[in-house]
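Undergrad: Structure here, sequence nowhere to be found:
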Ligand code: UD1
Ligand code: CA
């Protein structure tokens, strides 16, 4: 039977107090709605429709990489039932099951969703509601049962004090039979505390018509947690990170302090890597085996090989570090820096769009930008590639085995040939041929007794 998915993501998310759409707030590095779309995709639906409204253009723009999503704009936003109605033109001809998801409920699993569809289909219900029994039901719609049967759902703001003591809540996730669905949704009024068209009212409508309504109750409450505030976002963040840390430890990674391991969902780390406290691994970062990553390091969208040591407080973005290299403390790699096997980048060294060959060393205080640096090169302290002439960025090439003396400026475009030497304190404006020595600093002048003579005056 066909399955169609609708994701509701038009609401303002008032309680977030944010200029940004709620569903784009990030949970462990990924926008909330990405979790929902990934789970939905596991059902292999015939179609997936996202209802957008508040900041619609931004939500749509953030999702352009998803193929085959349809968007409908709900404007104004008159409630969850009204949101579903906006999809009617797209789904009027559709048959089978409609699965309705909330863009702000990120941790629902594909297994639960499959159970929902299976239960809905096998029970031939008009609607199936995912529920959970929670400690603190505040804010959620409550499941009112008569006997075993679900009779209706009542929102927090409309509930009597007796109904508020019910701890079984509506997750906002449902399966509906498409046949007759939109007719029923049209009949939902807005006679309630919020003057909104509530989708959960469908339960009472179907029951009145003598149709069957089923429930699926999940035991892992985190699965159906909706995010409505920053505090709820922080709580789920903690949960997701905790889970990630457990997975990595199970795979052989040592975490000195799992509570301060800030790893995004898609990060991978190899066995026998040791990670000290307060390390952030973000985006599409992979770290190899047998590495040691010290405190305060942040690595974003980068690939780290095996046996790499990263000392404290390095920032690495969009870069690559190959096997056996060592970095830091306080190194900065960005924008496609590529550090070769066994190379060493020391403290206060910045690399941008630079390949740094195997076994090369830049131990202290250097800026290497837009450069191609060969193997076994030595970069002295205070070396700077002057890559910007005020108009464009220019390339520096340093060939294998070259030695750049401390405090040198390499004014790009410029090449230092294989095995060549650059004397300390040089400003290199012309290419240095292989095997030669270039010095540009003037001859030293020494004035004897200068200090003594000055004192006398
Ligand atoms: C909703 C349910 C409540 C349930 C809870 C679970 C209703 C009336 N209540 O309450 O029973 O316990 O979810 O999390 O449905 N949205 C739109 N257009 C609108 C209004 C909302 O697209 O006009 C979207 C929101 O962006 C959000 C979702 O629908 O993704 C749920 O809306 P929200 O306002 O968060 O509903 P709750 O008050 O949490
Ligand atoms: Ca909500």
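TA: Thanks, I have the structure now. Quick caveat, the model's predicted, so the values are computed rather than measured. Ligands and ions are numbered 1, 2, ... in the order given.
Undergrad: The nearest residue to residue 53 once chain neighbours are set aside: how many residues sit nearby?
TA: Of all residues not flanking residue 53 in the chain, residue 10 sits nearest, at 3.0 Å (CB to CB, 6 or more residues apart in numbering). Backbone N, C-alpha and C define where each C-beta goes, glycine included. Residues lying near residue 10 (other CB atoms under 10 Å) number 27.
Undergrad: Burial check on whichever residue of the chain sits closest to ligand 1, number of neighbours?
TA: Nearest residue of the chain to ligand 1: residue 141, at 2.2 Å (CB to the nearest ligand atom). Around residue 141 there are 28 other residues, counting by other CB under 10 Å.
Undergrad: Do I have it right that it meets residue 154?
TA: Yes: counting by CB atoms under 8 Å, residue 141 does reach residue 154; the two are 6.5 Å apart.
Undergrad: For the nearest residue to residue 41 once chain neighbours are set aside, identify the helix or strand it belongs to.
TA: Using CB to CB, 6+ apart and skipping the chain neighbours, the partner closest in space to residue 41 is residue 48 (7.7 Å). Here residue 48, judged by DSSP states H and E, is contained in strand 47-52.
Undergrad: what does that strand contact?
TA: 4-10, 33, 37, 40-41, 59-60, 63, 68-74, 83-84, 86-87, 90-91, 94, 103 (CB atoms under 8 Å, 6 or more residues apart in numbering).
Undergrad: If any of those residues are buried, put those into a PyMOL selection.
TA: Buried residues among the contacts of strand 47-52 (16 or more other CB atoms under 10 Å), as a PyMOL selection:
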select buried, resi 4+5+6+7+8+9+10+33+37+40+59+63+69+71+72+74+83+84+86+87+91+94+103
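Undergrad: would residue 204 count as being in a strand?
TA: No: counting by DSSP: H, G, I helix; E, B strand; the rest coil, residue 204 is not part of a strand but helix.
Undergrad: Apart from its chain neighbours, what residue comes closest to it?
TA: residue 152 (3.8 Å).
Undergrad: State the number of residues packed around residue 354.
TA: Applying other CB under 10 Å, I find that residue 354 has 27 neighbouring residues.
Undergrad: For it, give its distance to residue 396.
TA: Using CB to CB, to the nearest Å, residue 354 is found at 8 Å from residue 396.
Undergrad: what about the helices in the stretch 301-450 of the chain?
TA: In the stretch 301-450 of the chain, helices defined by DSSP state H, counting those that start in this stretch lie at 450-456, listed in chain order.
Undergrad: and it, which of its residues are near ligand 1?
TA: The stretch 301-450 of the chain has no residues near ligand 1, with proximity defined as CB under 6 Å from any ligand atom.
Undergrad: so who does residue 59 touch?
TA: Per CB under 8 Å, 6+ apart, neighbours of residue 59: 9, 21, 23-24, 33, 50, 52.
Undergrad: Among the residues you listed, the buried ones, what's the ChimeraX command?
TA: Filtering the contacts of residue 59 down to the buried ones (16+ other CB under 10 Å) takes a single ChimeraX command:
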select :9,21,23,24,33,50,52
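Undergrad: okay, now the nearest residue to residue 153 once chain neighbours are set aside: neighbour count?
TA: In space, and not counting its chain neighbours, residue 153 is closest to residue 200: 3.6 Å by CB to CB, 6+ apart. Under the neighbour criterion other CB under 10 Å, residue 200 is assigned a count of 21.
Undergrad: Residue 200 against residue 151, yeah?
TA: No: applying CB under 8 Å, one finds residue 200 not in contact with residue 151, separated by 11.8 Å.
Undergrad: ok, now which ones touch residue 131?
TA: Applying CB under 8 Å, 6+ apart, the residues contacting residue 131 are 143, 150, 168-171, 215-218.
Undergrad: Tell me if it really is in a helix.
TA: No: counting by three-state DSSP, residue 131 falls outside a helix, being strand.
Undergrad: That one pairs with what?
TA: Here residue 131 sits in beta bridges with residue 170, residue 217, as judged by DSSP bridges.
Undergrad: Show me what counts as buried in stretch 206-214.
TA: 206-207, 211, 213-214.
Undergrad: Now, those that are in helices?
TA: 206-207 (DSSP state H).
Undergrad: Dump the buried residues of stretch 206-214 to TSV, plus distance to residue 336 and pLDDT.
TA: Below are the buried residues of stretch 206-214 laid out as TSV (distance: CB to CB, whole Å; pLDDT from 0 to 100):
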residue	distance to residue 336	pLDDT
206	57	98
207	60	97
211	59	97
213	56	98
214	53	98
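Undergrad: contacting residues around residue 438?
TA: 416, 420-423, 426, 428, 430, 432.
Undergrad: and what of residue 70?
TA: By CB under 8 Å, 6+ apart, the contact set of residue 70 is 47-50, 90.
Undergrad: How is it assigned, secondary-structure-wise?
TA: Under three-state DSSP, residue 70 comes out as strand.
Undergrad: Ok, residue 150 next?
TA: Residue 150 is classified as strand under three-state DSSP.
Undergrad: wait, what's in contact with it?
TA: When contacts are counted by CB under 8 Å, 6+ apart, residue 150 touches 129, 131, 143-144, 203, 207, 213-215.
Undergrad: Thanks again, I'm all set now.
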